[in-house]
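J.: Pasting the sequence and the predicted coordinates here, then a few questions.
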Amino acid sequence: MLHGSQGCATYIRRYLISHFREPVDIASSNFSEETTIFGGNRNFNTGIDNIIRQYHPAVIAIASTCLSETIGEDVQRLINEYKTIHAGEKDLPAMIYASTPSYSGTHYDGFHEAVCAAVKSLAYAGDKTGKHINLFGNFISPEDIRHLKEITGDFGIDTVLFPDYSQTLDSVSWDAYRRIPEGGTSIAGLKRSASAMLSVELGYILNSGGRNGAVGENNQSESAGEYLQKQFDVPCRKTGLPVGVNETDRFFDLLSSVSGKAVPEKYREQRGRLIDLYIDGHKYVSCKRAVIYGEEDLVVALAAFAAETGIRPVLCASGGESGKLKDTLRNVLGDLYPPDIIVGQGMSFERMESLMTELKPDLMIGNSKGYYIARKMDIPLVRTGFPIHDRIGAAHARILGYEGAILLFEQIVNTILEDKQRKSPVGYKYM
Amino acid sequence: MTAFLQERKNQILTKGKDSFELEGGKPSIAGSVSQRACVFCGSRVVLYPIADALHLVHGPIGCAAYTWDIRGAMSSGPELHRSSFSTDLREKHVIFGGEKQLYRALHELTDKYRPEAAFVYSTCIVGVIGDDVRSVCKRVAAEKNIPVIPVMAEGFQGTKKDGYKIACDAMASLIGTDDSKEVSPQSINILGDFNLAGELWILAGYYKRIGVQILASITGDGRVKDVRNAHRASLNVVQCSGSMIHLAKTMKEKYGIPFIKVSYFGIEDMSDALYEVAKFFGDETMMNKTREVVKDELSRLLPALEPYKKALQGKIAAIYVGGAFKAISLVKALRLIGIKTMIAGTQTGNTEDYKLLKTICDDGCILVDDSNPIELSEFVKQTGANLFIGGVKERPIAYKLGIGFCDHNHERKLALAGYEGMLNFAREVYETVTSPVWKLKTTHSHLLATHVNSALR
């Protein structure tokens, strides 16, 4: 439930439905003018009551909005009061609260705030450390989530993967409407995240560093892994989103050392095929100048991948303002870091467009929102990330692991070839 | 129906079974997954198609991002409306105020884009932190010598419908501020067509053929200058009356311009829209031309519809759209191609609208106001609908349940208005309802493990 005006819930539903093409039921506490003046506690209680009556959930997640934050609603207090009023009632759902005003940070900060909030609410210290790990997979596609599960499964690692919307936001065709789709991380799983032997977080930046326009203490956010380390001594290892050979190698090495097992033959083969593919395609992409944009960790991963294939990232842009994008790119890309690259944080599309007019790049890699620039400049756009509103199959887009890189590389090369073919006066049948 | 919210019992009825009147216009209930948006959304969608105006959302980035180019409202010229500019309010502005940020943004954007006017949308937090948006607008208007119009559409100040009214007031402040356009004695304003998929151009073609000048189209393919001159038209022709009736009434009061309510969806309503205009001008030549246009269009359309009608006969439709007038037209248009409507609902209809909708629907049709996925999916199951007509938020309900879907909202890229729109509509309905994919859901059940061996033998 979103605690605020009706529009906040509806717009986000619409946005997510256009991307995932799945039902996304989000309730609103539906503030009126009166609620705004006198406070939202009545709406909050009615809202929770009505959700329970309609959906019978095991967990209710509540996020704040600009409006409820600005009038000073203390949502945690509202939750506690609700629980007190209903103490002793059977099947009272667990409640998770994430503070997510739009004026502080980006959607990416909100994502990690919610991940951390879920862990904070549910993680429960066990007697002793288990043999399982937590894997915080970041904001990736349902297909990539499935691939992460396949990989950890092949290593034989007992894994609590969170969040897991691989079924809930990519479900099968139904016979009857499911109020809450099947799948997802279990509550029991999140509970035992506190007794894991290790947390692995995919992404170097996550919600660390600065937040757009925050006032005062600017480094307060913590990630789920950091919280578990601080609170329950679960060690936390951050590695990049495994896109391309180098970053996937790092991820697999980590899993090898966690499991004590060598990388399974299946993945070594995939790696071999990927490199073979890079070689087959290298001349099509070599020295192509690319603009890469999206969430910061995605930009880092895509830039690392692009650079290792010979594509030159000339502009790496993100709306996020962690203050860490440039250094992270430099560290991850190492020798492949292009000296003349422009790294832009807190960047608007308008600013990106004006920079691109100077840079004259060959292609863009990012979400659908940049399409209008690609169109204006008549350059190809390789769609990846979020949101993808103008193609189907966003839920099945794969970029992670060696196999994901195979698909992404083919998508890029074929997009370039299609563009070249379309613009050529000769209708070549061989490219 | 156990999980339906009790408080909503007056917002759901079955025709022929329930004797009460459906209640519209109520605020959504906390905790329901309403398909409605907010006041800001209402204003934003109505004003957005004015193509040579600057649209600046004074608020956090979310409000602008989520409304960026969401409707395919086309323009024959400038496309400034397709940018969703934002003052990108941050925490510091929430604390210290955002007026300076607004002032700077307005200056920067008007210098860069030279718009004919600027609309400044006030969002939830602006209403709470108390920025004096009006005075900033006034100041910039004087400095830049263009109309800068505050649209005080804080999301919590009512429903989406209140947002329509606020948008109408914003336009009313522009109307009557210019007299430079040439006006024919037989001129109309078109209110409430947003030129989705170029629909306005289809209508404009018909009106041109009967000799009527469109002075201002409000707001599809809209221009500030046309709006400023709109007070000089002889007649306002209002579609989507939920959003525009307020403006039509204001103009009647202020300038004595009469209005008629029309719809452009379906053969009957489209033809009525032309005949009513011809009747208003009382011009025999125009009336004759109208008859010719209708005859000409129908002589082509009716035979073209026949195969669709044959294939679709007896199918059942569910309608859940924004306004009641669209729902009424859709019931009629569907009937024309052999489809019976068994669910008719809207986000913003009022009690009066629903009375009219009820008279048009068949017995057994479920009428619903401000519905949600749980109810809609249940109704689809109850009625055995084969087709759902709605917007993006309703699409997954239809698809998950395995029935056809037709987008009659923001994201459609196919013109559905006018005679050619009717043909497009029939074709789209046919293509989705008769698709072989629905059959795959039910035709195959996998062999259970115990049967595999015997099957192999």
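T.: Thanks, I have it.

J.: Please report how far residue A:81 lies from chain B.
T.: 15 Å (C-beta to the nearest C-beta, to the nearest Å). Using the backbone N, CA and C atoms, a C-beta is placed for each residue, glycine as well.

J.: helix, strand or coil for the closest residue to residue B:276 other than its chain neighbours?
T.: Once flanking residues are discounted, residue B:276 sits nearest to residue B:260: 5.1 Å by C-beta to C-beta, 6 or more residues apart in numbering or on different chains. Counting by DSSP: H, G, I helix; E, B strand; the rest coil, the backbone at residue B:260 sits in strand.

J.: Tell me the predicted confidence for residue B:260.
T.: On the pLDDT scale, residue B:260 is placed at 97.

J.: cool, and residue A:420?
T.: 95.

J.: got it, and residue A:388?
T.: 97.

J.: Next up, the contacts around the residue nearest to it when sequence neighbours are not counted.
T.: Nearest non-adjacent residue to residue A:388, counting by C-beta to C-beta, 6+ apart: residue A:394, 3.9 Å away. Neighbour list for residue A:394: A:19-21, A:141, A:386-388 [criterion: C-beta atoms under 8 Å, 6 or more residues apart in numbering or on different chains].

J.: low pLDDT regions in chain B?
T.: B:1-3, B:442-457 (pLDDT under 70).

J.: Just the closest residue of it to chain A, please.
T.: With C-beta to the nearest C-beta as the measure, residue B:90 is the residue of chain B nearest to chain A, at 2.2 Å.

J.: Quick check, that residue in contact with residue A:104.
T.: Yes. Using C-beta atoms under 8 Å, residue B:90 is in contact with residue A:104, at 7.0 Å.

J.: quick one, strands of chain B?
T.: B:12-14, B:53-58, B:85-86, B:117-122, B:148-152, B:187-193, B:213-219, B:235-238, B:259-261, B:316-321, B:340-346, B:366-369, B:387-390, B:404-407 (DSSP state E).

J.: So which bits of the stretch 301-431 of chain A are right by chain B?
T.: Within the stretch 301-431 of chain A, the residues that sit near chain B (C-beta under 8 Å from any C-beta of the partner chain) are A:319, A:348, A:350, A:369, A:372.

J.: Drop anything exposed from the residues you listed.
T.: Of the members of these, the ones counted as buried by neighbours, 16 or more other C-beta atoms under 10 Å in any protein chain shown, are A:319, A:369, A:372.

J.: Tell me the spatial nearest neighbour of the second one, not counting adjacent residues.
T.: Put plainly, it is residue A:369. Here the residue nearest residue A:369, using C-beta to C-beta, 6+ apart, is residue A:349, at 6.5 Å.

J.: Run a quick neighbour tally on residue B:185.
T.: 8 (other C-beta atoms under 10 Å in any protein chain shown).

J.: Is the nearest residue to residue B:399 once chain neighbours are set aside bridged to anything, and to what?
T.: Nearest non-adjacent residue to residue B:399, counting by C-beta to C-beta, 6+ apart: residue B:405, 6.3 Å away. Here residue B:405 sits in beta bridges with residue B:388, going by DSSP bridges.

J.: for chain A, what's the longest helix?
T.: Using DSSP state H, we find that the single longest helix of chain A is helix A:401-423.

J.: Report the buried residues of that helix.
T.: Within helix A:401-423, judged by 16+ other C-beta under 10 Å, the buried ones are A:401-409, A:411-416, A:419.

J.: How is chain B divided into domains?
T.: B:39-172, B:187-295, B:313-413 (automatic domain parsing).

J.: ok, back up a step: now neighbour count, distance to residue B:223 and secondary structure too, for the contacts of residue A:394, in CSV please.
T.: Shown next, in CSV, are the contacts of residue A:394 (neighbours: other C-beta atoms under 10 Å in any protein chain shown; distance: C-beta to C-beta, whole Å; DSSP: H, G, I helix; E, B strand; the rest coil):
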residue, neighbour count, distance to residue B:223, secondary structure
A:19, 20, 34, helix
A:20, 22, 38, helix
A:21, 19, 36, coil
A:141, 27, 42, coil
A:386, 24, 35, coil
A:387, 17, 31, coil
A:388, 22, 33, coil
